[in-house]
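Visitor: show me how the following folds:
(2 chains)
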Amino acid sequence: MSHWIELNIGPVHPATHGIYRFRVKLNEETVEDVDITIGYLHRNAEKICELNYFVNNTIYFDRMDYIDAMNMELGYLRAVETLMDMEVPERAQWIRMIMAELSRIAARMVGIGALGLDVGMLTPFFHTFHEREKIQNIFVEASGGRQEVNYMSIGGVYQDFNDTIINEIKEFIAGFKGKLEEIVKMFTDSEIFWQRNVGTGVLEPDIALDYGVTGPMLRASGIPYDVRKDSPYLYYDKVNFDVPIAKSKDNMGRFLVKVEELRQSVRIIEQCLAKLPEGPYFNPKAKKSAMLLLKGQGDVFTRVESESGEFGVFIRGDGNVKPYRVHARSPSFKNLAVVPIMAKGSLIADLIITIASVDAVAGEVDR
Amino acid sequence: MSLLFRIHQWFSFLGNFASYGLAYLIQSIVVLIFVALSFVALIYIFRKYMARIQRRIGPNRVGKFGLLQLIADALKLIGKESILPENRDDMAYKIAPVIVMIATILAFVLIPFGDLAYFGSLAVTHSKVTLVLMFGILSIIPIGEVLGGISTKSNYALLGTMRAVAKDISFEIPMMISVLAIVIVSSRSYVTGDAITGGLSLSGIVSNEIIPYGIIEPLGLLIFFISMIARASYSPFDLGESDSELISGYTTEYSGMRFGFFYIGLFGMVYLSSFLISLLYLGGSNGPYDSYVGFIYLFIKTDILVLISFLIWVAIPRIRIDKFVDLGWKYLLPLSMVNLVYAGLFVLYIR
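Guide: Have a look, this model is predicted:
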């Protein structure tokens, strides 16, 4: 006996944050099979990167994980700077770290708020976006851009931190600590939220490793893998932070890991602000008039920890002013691939929460 | 003395038949306009209240303090093109929102609003079985939901309809049993212990309810409140719509004013369920000097209940369908049975 209907979740559907499509085979309320179609936001970013000068490509990386733009830029620039043997001044590195962590918080705020929406609570969404708005104001102050910031550039950052920005960040951090606990309480105080998250969307660690899942999803499956800790970049080895893991492997575990990482991000930013040295904010070798002439040769692959996981960038340079090949290893793409396994046999309501807790960003999935 | 007879007195020069007809017409219009106005005010309050909870400002552009926002929204809905799905069952598709809206509005006719000084009792209907009629009318609403969901032949709407039906079936029974307990309790005056009539009409129950029945049977109040949230289908029990999963459930394929009808039905049910709870469990229009201002007591109780409902609506996430049906059958049904037995024992005791 198989009476099933096919339900389209996406490309235009409130539960898909971004544009992708789940074709769900449903037996009444039970999910029998999920087929993911991606590519609706494919913009040929990797190919376009081959046509541009190294310095121009930052904006295309901004638009990959468009809610976590700073980490995307950082991922690309790390690869380019390794390729060019470009040194980044100390102050610029600390600034990059602060911005990367702020961006991580901003992106998490979207993810957690959207999880609230999918569970059926509208309220936390507005509170999280309120906090995200403050971070975006900091970005505007620093770079002029709210979302696609284009702040970092080869050899440093676009503009130095002035007192206004530092004060704004300090103010934000001071307010955010309490606000985060308030937002988390909105979720964890609700019995129904626990009921819907505990035991749903279970991801076994071996499957996660097989599929190349990284980020909070892997950590929620009990594997403490974080690029920031395991192969530190910038000055992540000079600050103290913990890598939280969850043993429960389910949606609740992922939620709690994400929340704990927010607390760790706050810790990192506080330490960065304390250690922020004086000095130049970009390498004079990459001064603005000479930027287009920067050349690179060889193959590099570097990684950073973005909001959704390990974001790797591969660049091959042939000694020219333009890259020969650019490839991005996007975490959302890998993370999304396990959704059918996690959702099989569960109810459709669980599938929706699982999609929300994976928190894949369509721009990064399709590139 | 009631509003009906007052109006009849004013027009008595027209003769008996014409003046009664006119009186029925006028008082129906007066009461319904009053309900509609308070309903509009309520939606405005809801939006402001919700905005405050969510760190927003809420409507503040249309009219003074955004007071005309709802009218603007209604005009927008009327002006919108009503997109008709291609494979629809035309008759069922068009009649479904009308059924939902009319049934909701019709139910307000049966509510005894209490007394107001010179005009007397503000009840449109003076039937002896308004309680039965009320739940009869309320059981029409699911028909509209089912028709609307199935006639569009959309998978989202189909799933939404299935959920709505599951919801209605599993919560109708505990609700009716807890109402039955009210009827039993109100069959005897707990002051004198005598048998009294009028237990099947809402006004009869209210007039017997010197101590609110919510105090006598708090369990019944709880069951009825939960069941009424399920009937009105707002969060946490908005499973028929489940907007993050099924887009909009059985209303997915509706647009324009047809969607507006469902919307009116939803808010109307919130209001109506608050009226019913305050009538059956919180003493309705009873209070000091209730022959002059009883009507105000009822509205205060109802509005407080509506605000509580809105708070629940905003703060609590949606429950999953299996847990939801479990709640109905495994918890509320046995509890309502216990409540029924308790009501019987209570009546035996006061006798």
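
Visitor: CA atoms for contacts and neighbours, from now on please.
Guide: Fine.

Visitor: return the distance of stretch B:71-90 from the chain's centre.
Guide: On the basis of C-alpha atoms, centre = their mean, to the nearest Å, stretch B:71-90 sits 25 Å off its chain's mean C-alpha point.

Visitor: got the CA coordinates for that stretch in CSV?
Guide: Presented in CSV, the C-alpha positions along stretch B:71-90 are these (Å, rounded to 0.1, in the frame of the first residue of the first chain):
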residue,chain,number,x,y,z
ILE,B,71,-9.8,49.8,6.7
ALA,B,72,-6.9,50.3,4.4
ASP,B,73,-6.2,46.6,4.5
ALA,B,74,-9.8,45.7,3.8
LEU,B,75,-9.8,48.1,0.9
LYS,B,76,-6.6,46.5,-0.4
LEU,B,77,-8.1,43.0,-0.1
ILE,B,78,-11.3,44.1,-1.9
GLY,B,79,-9.3,45.8,-4.6
LYS,B,80,-7.0,42.8,-5.2
GLU,B,81,-7.5,40.5,-8.1
SER,B,82,-9.0,37.2,-6.9
ILE,B,83,-6.8,34.6,-8.6
LEU,B,84,-8.8,31.5,-9.3
PRO,B,85,-7.0,28.2,-9.4
GLU,B,86,-7.6,26.3,-12.7
ASN,B,87,-8.6,22.9,-11.4
ARG,B,88,-11.0,24.2,-8.8
ASP,B,89,-14.4,22.9,-8.1
ASP,B,90,-16.0,26.3,-8.8
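
Visitor: quick check: buried residues in that stretch?
Guide: For stretch B:71-90, the neighbour count (16 or more other C-alpha atoms under 10 Å in any protein chain shown) marks B:Leu77, B:Ile78, B:Arg88 as buried.

Visitor: state the distance from the last one to B:Met162.
Guide: If I follow you right, that is B:Arg88. 18 Å (C-alpha to C-alpha, to the nearest Å).

Visitor: which residues of the stretch 101-250 of chain B fall in strands?
Guide: B:115-116, B:120-121 (DSSP state E, counting those that start in this stretch).

Visitor: can you check the pLDDT for B:Phe119?
Guide: What the model reports as pLDDT for B:Phe119 is 69.

Visitor: just checking, what packs against the lengthiest helix in chain A?
Guide: The longest helix of chain A (DSSP state H) is helix A:90-119. Using 3 or more C-alpha pairs under 8 Å, 6 or more residues apart in numbering or on different chains; DSSP states H and E, the elements in contact with helix A:90-119 are helix A:69-84, helix A:123-143, strand A:156-157, helix A:251-275, helix A:348-358.

Visitor: and the ones you listed: which comes nearest chain B?
Guide: When the helices and strands packed on helix A:90-119 are compared by C-alpha to the nearest C-alpha, helix A:123-143 sits nearest chain B, at 5.3 Å.

Visitor: for the residue nearest the centre of chain A, which residues are in contact?
Guide: Centroid check for chain A by C-alpha atoms, centre = their mean gives A:Glu307 as the closest residue, at 2.4 Å. Counting by C-alpha atoms under 8 Å, 6 or more residues apart in numbering or on different chains, A:Glu307 touches A:Asp68, A:Asn71, A:Arg104, A:Ala107, A:Arg108, A:Gly215.

Visitor: where does it fall, phi/psi-wise?
Guide: Phi and psi for A:Glu307, reported as degrees, to the nearest 10, are phi -60, psi -40.

Visitor: likewise for the one 3 residues further on?
Guide: When quoted as degrees, to the nearest 10, the phi and psi of A:Glu310 stand at phi -80, psi 110.

Visitor: now for it, how many residues are close by?
Guide: 26 (other C-alpha atoms under 10 Å in any protein chain shown).

Visitor: the one 10 residues further on now?
Guide: For A:Asn320, the neighbour count with other C-alpha under 10 Å is 14.

Visitor: for chain B, see how far away it is.
Guide: 49 Å (C-alpha to the nearest C-alpha, to the nearest Å).

Visitor: do I have it right that that residue meets A:Leu292?
Guide: No: with contact defined as C-alpha atoms under 8 Å, A:Asn320 does not reach A:Leu292; the gap is 10.6 Å.

Visitor: residue contacts, A:Thr200?
Guide: A:Asp250, A:Asn251, A:Ser346, A:Asp350, A:Thr354.

Visitor: state the distance from it to A:Lys344.
Guide: Distance check for A:Thr200 against A:Lys344: by C-alpha to C-alpha, it reads 11 Å.

Visitor: for B:Gly58, same thing?
Guide: 41 Å.

Visitor: where does the prediction get shaky in the chain?
Guide: You didn't say which chain, so I picked chain A. A:1-2 (pLDDT under 70).

Visitor: other chain: chain B
Guide: Looking at chain B by pLDDT under 70, you get B:1-3, B:117-120, B:191, B:193.

Visitor: now the most centrally placed residue in it. Nearest residue, chain neighbours left out?
Guide: Per C-alpha atoms, centre = their mean, the C-alpha nearest to the average position across chain B is that of B:Leu272, at 2.0 Å. Excluding the flanking residues, the one nearest B:Leu272 by C-alpha to C-alpha, 6 or more residues apart in numbering or on different chains is B:Phe108, at 6.9 Å.

Visitor: residues contacting the one you found?
Guide: Neighbours of B:Phe108 in contact, by C-alpha under 8 Å, 6+ apart: B:Leu32, B:Val35, B:Leu272.

Visitor: right, and the helix or strand after the helix or strand harbouring the residue nearest to the centre of chain B?
Guide: Following DSSP states H and E, one finds B:Leu272 within helix B:256-280. Counting by DSSP H and E, the element after helix B:256-280 in chain order, helix or strand, is helix B:290-315.

Visitor: elements contacting that following helix?
Guide: Packed against helix B:290-315 by the contact rule (3+ C-alpha pairs under 8 Å, 6+ apart) you find helix B:16-53, strand B:115-116, helix B:256-280.

Visitor: the same query, at a cut-off of 6 Å, please.
Guide: Packing partners of helix B:290-315 (3 or more C-alpha pairs under 6 Å, 6 or more residues apart in numbering or on different chains; DSSP states H and E): strand B:115-116, helix B:256-280.

Visitor: please save the CA atoms from stretch B:48-67 in CSV.
Guide: Output in CSV follows, covering the C-alpha atoms of stretch B:48-67 (Å, rounded to 0.1, in the frame of the first residue of the first chain):
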residue,chain,number,x,y,z
LYS,B,48,-0.1,47.2,18.3
TYR,B,49,0.2,44.7,21.1
MET,B,50,2.0,42.2,18.9
ALA,B,51,4.3,45.0,17.6
ARG,B,52,5.2,45.9,21.2
ILE,B,53,6.1,42.4,22.0
GLN,B,54,8.2,42.1,18.9
ARG,B,55,10.1,45.4,19.3
ARG,B,56,8.3,47.0,16.4
ILE,B,57,6.1,50.1,16.3
GLY,B,58,3.1,48.6,14.5
PRO,B,59,0.6,50.5,12.3
ASN,B,60,1.2,54.2,12.6
ARG,B,61,0.9,55.6,9.1
VAL,B,62,-2.8,55.4,8.0
GLY,B,63,-4.9,57.8,10.0
LYS,B,64,-4.1,59.0,13.5
PHE,B,65,-2.0,56.4,15.3
GLY,B,66,-2.7,54.0,12.4
LEU,B,67,-6.3,53.7,13.4
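
Visitor: any part of that stretch near chain A?
Guide: Yes: looking at stretch B:48-67 against chain A by C-alpha under 6 Å from any C-alpha of the partner chain, the contacts come from B:Gln54.
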